[in-house]
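Enquirer: Here's my sequence, what's the structure:
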Amino acid sequence: MRHRPAPPIALPDPDEFGFFYAGYINRVPASGPLAALEAQRADIRRFEGLNDAKASFRYQEGKWSVKEVLGHISDAERVFGYRLLRIARADTTPLAGFDERQWAAAAPHHHRPIKHIVHELLAVRAATLALVHSLDEAALARSALANDMAVTARALCWILAGHSQHHLMILYERYGARDMWGATVQPSWEPGVLGG
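Expert: Model prediction:
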């Protein structure tokens, strides 16, 4: 799906998000969240070529498998996207948090074919991108409570991109995704806004 060129989404101020999201925001390249969300699709697609044995790999006992990490990215993106939609539409109803470990334990990701997980994540990403591209400055500036902390729609755009970036980098660094993809393949990301 092609989108109209969108103006850059400014880096949110620290009072626009809960302190625990700073790590995600700092992972987003200086080019901004839209560019990161677009670029990450190529990295996500690469996992489609894994066989299910490699996609079931865990770098340490008790850690999520590759499939579970990608499933978690998809689940979390749906939650952040829903928060973004509600806030952008000026709905100030407080939004509940979620327990990612509980969700991962209940989710069927580890037992699904990797291709299905990748296709689902790419579909979720397409919906996220369509929403983000539709937002104007007024929508980006709106805020509400999510997980008992004030957050703006602008910050959620950065959190969405940074959360995915965080997990893709873990897959690359700890799970050996570079070896899974082939040694010549480089990830698409740039250094984060604070150099991380």
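
Enquirer: Low-confidence bits of this structure, can you list those?
Expert: 1-7, 180-196 (pLDDT under 70).

Enquirer: Walking through this protein, point out its helices one by one.
Expert: Using DSSP state H, the helices found in the chain span residues 22-25, 33-46, 52-55, 66-88, 100-106, 114-134, 137-141, 153-173, 177-181.

Enquirer: wait, doesn't residue 162 sit right on residue 24?
Expert: Yes. The pair residue 162 and residue 24 passes the contact test of Cβ atoms under 8 Å, sitting 3.2 Å apart. C-beta here means a position set from N, CA and C on the backbone, and glycine is covered the same way.

Enquirer: Between those two, which is the more surrounded one?
Expert: Just comparing residue 162 and residue 24: by other Cβ atoms under 10 Å the higher neighbour count belongs to residue 162, 25 against 22.

Enquirer: Could you measure from the more buried one over to residue 23?
Expert: 7 Å (Cβ to Cβ, to the nearest Å).

Enquirer: Over to residue 140?
Expert: In this structure, residue 140 and residue 23 are 21 Å apart, going by Cβ to Cβ.

Enquirer: And residue 156, by the same measure?
Expert: Counting by Cβ to Cβ, the separation of residue 156 from residue 23 is 15 Å.

Enquirer: higher neighbour count, these two?
Expert: For the pair residue 156 and residue 23, the greater number of neighbours falls to residue 156 (29 against 15), based on other Cβ under 10 Å.

Enquirer: who's in contact with the closest residue to that one other than its chain neighbours?
Expert: Residue nearest to residue 156 in three dimensions, not counting chain neighbours: residue 84, with 4.3 Å by Cβ to Cβ, 6 or more residues apart in numbering. Residues in contact with residue 84, defined by Cβ atoms under 8 Å, 6 or more residues apart in numbering, are 131, 132, 153, 156, 157, 160.

Enquirer: Right, I'll call it a day here.
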